Structures are given as structure tokens and as C-alpha cells.
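Trainee: how would this look folded up:
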Amino acid sequence: GYVYMSPGKGKEKYDLYVNTRNLNVGKILRQDSVMGTITAVITARGQSFDINSMNTVFSGKIQQAMLMGYNYSTISFDGKMAQKAGELSLTSNDPNAILQLQATADLTQKDPAVNAILNIDSADLQALKLYKDELRVRAAITANMPKVNADYPEGDIIINKPTIAMSGQRYFLDSLYISSKPTADSGQNIIVNADAVYALITGQTPLSQIGNVIQDHIGRHYKISSDTTKVSPPADYNLNIVATVQDRPLLHVFMPTLESMDTIRINAGVTPRNLFLDVNAPQVSLAGTRIDSAKANVNGTDSALTYNVTVAKVDHPQIQLWYTNVNGNLNGNTITANVSIADSAKKERFALNANLQQEANEQVLQLGNGLVLNYKTWQVSQPNKIVFGPQGFYAQNLSISNGNEAISVTSEQPQFSAPLNVNIRNFFLSNITEIVQKDTLLANGMLNTQLQVRNISTAPEASGTLQIEDLSIFADTIGNLDVTLKD
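Mentor: Numbering: from 1, shown residues only. Alright, predicted model coming up:
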């Protein structure tokens, strides 16, 4: 073939024939973790390498191409590009990816227009190294996108009655639809109708800015990291999401341990002044555990971002929790958390209050008063703290007590490398296990421990004693346990 560069930029002429055999493209592009060798014959004939003035026809046959750990084979394609309009036809007869693609693109406008039909006769995503477990797909996908725009896309995508095989089961699904019809007045108008999930997204917020918008709201009250890079959301925006998640076949494809669930309802929205999220899950049964009446609420204003999560009941074959509530807020670079678990009569059985404060590159956790273990109120030493940082953690003056029972955790010095002393006196395991018990007590016994842990962040070493008197597990008496640790 030939390439004539002399006519000038945008007017180059070429007639190319490229024949490769085990060409290591990944090594050449320094992307050998993603791609490897390729054996192919590719031709291209036309004028200009600039997409705006290109007039060319091309074709190719790929005998083998290593991509993402899989060696694709028997792929052919051809297409053309002229006056900023292109066509592509691709056929794959790879045994694990049998498919045909027909696509056109119009680049004459600011936002490209794309139309495509992808017929997947069979795709084994596990064999293609794209999914860990068995997952085979058959589907016809149609995309009609008059405007491909990252912020306000316009068009429709339809996945027509896909068939999915996974974990020995075959699922025949209804067609899946995504439709985006933005307007100048109302902004986004996106409808997702995907078997188990239905969502309506509206509002004047560019899709590419949603992450910045949410990060900005959280950052007003708590800096997620020490990175000082300022997030710049749009000056004005609004976004609303209304969604439902139903117990449909598609959900079981991606959550094989799901047994049953009632419809989950989600309502969320954000403006420069407010952020809110409401989630209501009446009942979910997953992997032998049933969760009843779970609700989550988040509200963000200029003063604080508050959260509240409640679960009426968690029922597992071996444990049971009643009326769990976790609430708190984010404000002034501090996260507060209040945790409460009751019994079936709604009497509080467990309670804990704590806050996490960011100080430069460190996170400081403090345990507040009001600790309740198995109906009994425990004293909490004040002030106390556990400091987390890049080099590890250390504890200072962290101790709780109730009568003759006590637990103390403290570092010998306020340094990440300091030895950590753990002392537990006459602590009954039932203080914890009775909170989550069902019919039979999970474990009981009186724990006494004197331990010192060193080199926590590098190669931990421990020395000391651990004793449990009258240890029982599921009502079976084990006896006394006596452990001595030496360097």
C-alpha cells in the first residue's frame, strides 16, 4: 500500500494493507494488563486522517486478539466514513461471543447521532473473563440516539426480551427500556424500565455533575479525605429520582441468594440548598435472613446532614434483632452516631453513642455516655478516644464498667507505634450475645483478659492471658478456657 502526506493535513491519501502475526499491541501501548497479541488483516483506502474531512472505506479480519485475558477469534468488520457520516458492520463467530453489529453515526452536529442494532446470539461472559461466575446472555439490543451527550443524552435503548443463564438457571426476561427525552425547560426526563427496576429521573442537572453535586453537599459538613481539591458543582441545579425495585427475575440473576421481597420504594432529590433520600423496604428475605420494615432517611441542609435508619426486625436461624435504629448527623467535620436495639416489647436492650471527627489526616473516634448492654447502663470514661491515621491507630483512656465488670483499652503512649493494653474483668459474654439471641443463647461465660499487643501496624505480637469461666455455646457447656500467649 501507500500513504501520501504531501497534499497537506486533512488531505492525506492512503491505500493500506496491514497484515500482523502475534503483534503484541499491549506491550507497544504499555497496556499489557489489558491487551496482548493480535493476528489480523486490515485494509483502509481513502483520504484524510481527520474525522471531519475523512473519506474512507475499511475492512478487517481478526484471526486472534488477546483482550482482558481472553483470546478472541474469527471476527470480521467493514465500514466507511464520508462527509462526517459513518457506517460499521461487525460479525463475531468466536465460540464464546457469537454476535452481529450494524451501526451508523452522524457527526455533522455538535452532538453525534448514533443508531445501532446488536444481535447477541450467544455470549458467555464467564468464558470471556468478564464475569466470575456462570453468566450467558442472548439478546437483541437497539440504540436510537439522536444526541449522544454526556450531560443531557437524547434517545432510546431497548434490550428485546433477553435470555440469561446463570448458576444452572435460565431466565426469560421482559424487554428492558431506557428512554431519555430532555427539554430546555425541564431538563432531564429519563425513564428506566428494566424488569425489576423502574426509575424516573427529572431536573436540570447535567448527568456528569451528579457526583460533584453529592460530594459538595457532604463536603459542607464532613471532608471525606484530606484532598483540598475543591469540587465545583453547577451554580444552580435540581434533580429528582423516583424509583421502585420489584421482585422480578432480573433481580434474582444478580442476587442469587434473594428469596423474596416486597417492592422497595426510593425517592431522592437535590438542590443547592437541600438533599434528601427516602428508602422504604417492607420485607426482604436474603440467604436465610428476613428483614422487616427497613427504612432509611437522609436530609441535608446548610446547617447539617442528618440520617436515620430503622429496621423493625432481623430474623436469622441463629440470631434475632428487634427495633434497630441508627441515627446521627454530619456537621463541622464530625459524624455522630446513635445506635439502639430493643426487644420484642420495644424496651431498649442495647445503646451506643459515638462520634468520629476528622483532624488533618487523622480520624478521632470517641465513645459517649449512655452505653447500654443487655438492659444495663455502663459507665464510660471521659474523655476517651481512638485515633486512626495512615500509620495505624492508638487508644487513650477508653474504659467501660458496670459494677464488678470492666473493659479497658489504652495505648501506653499517644503514638501509633505504642503497645496496646487490653484488660477485661469479669465480663459476661451474655452482655452481647443475649442482645441477638433467638431460642438458644449463642454463648456465655465470664471473660477475664490481660493482653498487650505490639507492632499493631506492621507485624502484630501479643502476650498475656485469656480466661473464660463456665463457657457455653448454644446451651452446651464447654467448661473453662484458659489461654496464655507468650512472645
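
Trainee: So what's the residue count around the closest residue to Lys347 other than its chain neighbours?
Mentor: Take Lys347 and drop its neighbours on the chain: the residue closest to it by Cβ to Cβ, 6 or more residues apart in numbering is Tyr375, 7.4 Å away. Every residue, glycine included, has its C-beta placed from N, CA and C. Tyr375 is flanked by 14 other residues according to other Cβ atoms under 10 Å.

Trainee: dump the residue contacts of Tyr375.
Mentor: Listed by Cβ atoms under 8 Å, 6 or more residues apart in numbering, the contact set of Tyr375 reads Lys347, Glu348, Arg349.

Trainee: Could you check the pLDDT of it?
Mentor: Per-residue pLDDT puts Tyr375 at 93.

Trainee: can you check Leu29 too?
Mentor: For Leu29, the predicted pLDDT is 87.

Trainee: Number of residues surrounding it?
Mentor: Look at Leu29: counted by other Cβ under 10 Å, it has 10 neighbours.

Trainee: With Arg349 instead?
Mentor: With other Cβ under 10 Å as criterion, Arg349 counts 22.

Trainee: and what of the one 4 residues further on?
Mentor: Close neighbours of Asn353, defined as other Cβ under 10 Å, add up to 18.

Trainee: For it, which non-adjacent residue is closest in space?
Mentor: Nearest one to Asn353, counting by Cβ to Cβ, 6+ apart, is Gly368 at 3.7 Å.

Trainee: That neighbour touches Ala351, doesn't it?
Mentor: No - the pair formed by Gly368 and Ala351 falls short of the contact definition of Cβ atoms under 8 Å, at 10.1 Å.

Trainee: who's more crowded, the two?
Mentor: Ala351 (18 against 15).

Trainee: Okay, and that one sits in which element?
Mentor: Assigned by DSSP states H and E, Ala351 falls within strand 348-359.

Trainee: Parallel or antiparallel, list what pairs with that strand.
Mentor: strand 334-342 (antiparallel), strand 362-367 (antiparallel), strand 371-373 (antiparallel) (DSSP bridges).

Trainee: what sits up against it?
Mentor: With Cβ under 8 Å, 6+ apart as the criterion, strand 348-359 contacts 222-223, 322, 328, 333-343, 363-375, 434-435.

Trainee: Report the buried members of these.
Mentor: 222, 322, 328, 334-343, 364-367, 371-374, 434-435 (16 or more other Cβ atoms under 10 Å).

Trainee: How much space separates Gln391 from Arg248?
Mentor: According to Cβ to Cβ, to the nearest Å, Gln391 and Arg248 sit 48 Å apart.

Trainee: Likewise for Phe427?
Mentor: 48 Å.

Trainee: try Ser381
Mentor: The gap separating Ser381 from Arg248 is 52 Å, by Cβ to Cβ.

Trainee: And the next helix or strand past whichever strand or helix holds Gln283?
Mentor: Assigned by DSSP H and E, Gln283 belongs to strand 275-286. Counting by DSSP H and E, the next helix or strand C-terminal to strand 275-286 is strand 289-300.

Trainee: Buried ones in that next one, by neighbour count?
Mentor: Under 16+ other Cβ under 10 Å, the buried positions of strand 289-300 are Arg290, Ile291, Asp292, Ala294, Ala296, Val298, Gly300.

Trainee: Check stretch 25-45 too.
Mentor: Val25, Gly26, Met35, Gly36, Thr37, Ile38, Thr39, Ala40, Ile42, Thr43, Ala44, Arg45.

Trainee: quick one: contacts of it?
Mentor: With Cβ under 8 Å, 6+ apart as the test, stretch 25-45 has contacts from 1, 14-24, 56-68, 71.

Trainee: Then stretch 156-170?
Mentor: So stretch 156-170 is contacted by 133-145, 171-180, 250, 252-253, 256 (Cβ under 8 Å, 6+ apart).

Trainee: Take the residues you listed and, keeping just the buried ones, write it as a ChimeraX select command.
Mentor: ChimeraX command restricting these to the buried ones, with burial defined by 16+ other Cβ under 10 Å:
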select :135,136,137,138,139,140,141,143,145,173,174,176,177,178,180,250,252,253
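
Trainee: from the contacts of stretch 156-170, which ones fall inside strands?
Mentor: 136-145, 171-172, 176-180 (DSSP state E).

Trainee: count of residues packed around Ile478?
Mentor: Counted with other Cβ under 10 Å, residues neighbouring Ile478 total 12.

Trainee: Contact partners for it?
Mentor: Contacts of Ile478 by Cβ under 8 Å, 6+ apart are Gly445, Leu471, Ser472.

Trainee: can you check Thr306 too?
Mentor: Contacts of Thr306 (Cβ under 8 Å, 6+ apart): Val298, Asn299, Gly300, Asn327, Gly328, Asn329, Leu330.

Trainee: Leu367 now?
Mentor: By Cβ under 8 Å, 6+ apart, the neighbours of Leu367 are Leu352, Asn353, Ala354, Val380, Asn384, Leu398, Ile400.

Trainee: one more time with 7 Å, if that's ok
Mentor: The contact partners of Leu367, by Cβ atoms under 7 Å, 6 or more residues apart in numbering, come to Ala354, Val380, Asn384, Leu398.

Trainee: As TSV, the residues you listed with secondary structure would be great.
Mentor: Below are the contacts of Leu367 laid out as TSV (DSSP: H, G, I helix; E, B strand; the rest coil):
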residue	secondary structure
Ala354	strand
Val380	strand
Asn384	coil
Leu398	strand
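
Trainee: Lys385 and Pro460, how far apart?
Mentor: 21 Å.

Trainee: So the two - more neighbours on which side?
Mentor: Taking neighbours as other Cβ under 10 Å, Lys385 and Pro460 compare with Lys385 leading, 15 against 10.

Trainee: Model confidence score at the more buried one, please.
Mentor: As predicted, Lys385 sits at a pLDDT of 96.

Trainee: Make sure Leu447 is indeed in a strand.
Mentor: Yes - counting by three-state DSSP, Leu447 falls inside a strand.

Trainee: Which of the helices or strands spans the nearest residue to it once chain neighbours are set aside?
Mentor: Nearest residue to Leu447 in three dimensions, chain neighbours excluded: Phe427, at 4.6 Å (Cβ to Cβ, 6+ apart). Phe427 is part of strand 420-428, with elements assigned from DSSP H and E.

Trainee: quick one: strands adjacent to that strand?
Mentor: In its sheet, strand 420-428 lies beside strand 405-411 (antiparallel), strand 443-454 (antiparallel), with partners assigned from DSSP bridges.

Trainee: Next up, the contacts around Tyr198.
Mentor: Val192, Ala243, Thr244.

Trainee: Tell me, how many residues neighbour the last one?
Mentor: For Thr244, the number of neighbouring residues by other Cβ under 10 Å comes to 14.

Trainee: per-residue confidence at Tyr2?
Mentor: At Tyr2, pLDDT is 66.

Trainee: sorry, that was for Asp439
Mentor: At Asp439, pLDDT is 61.

Trainee: Ok, Ile432 next?
Mentor: Per-residue pLDDT puts Ile432 at 86.

Trainee: How about His252?
Mentor: Looking at His252, its pLDDT reads 85.

Trainee: any idea how far it is from Ala123?
Mentor: With distances taken as Cβ to Cβ, His252 is found 20 Å from Ala123.
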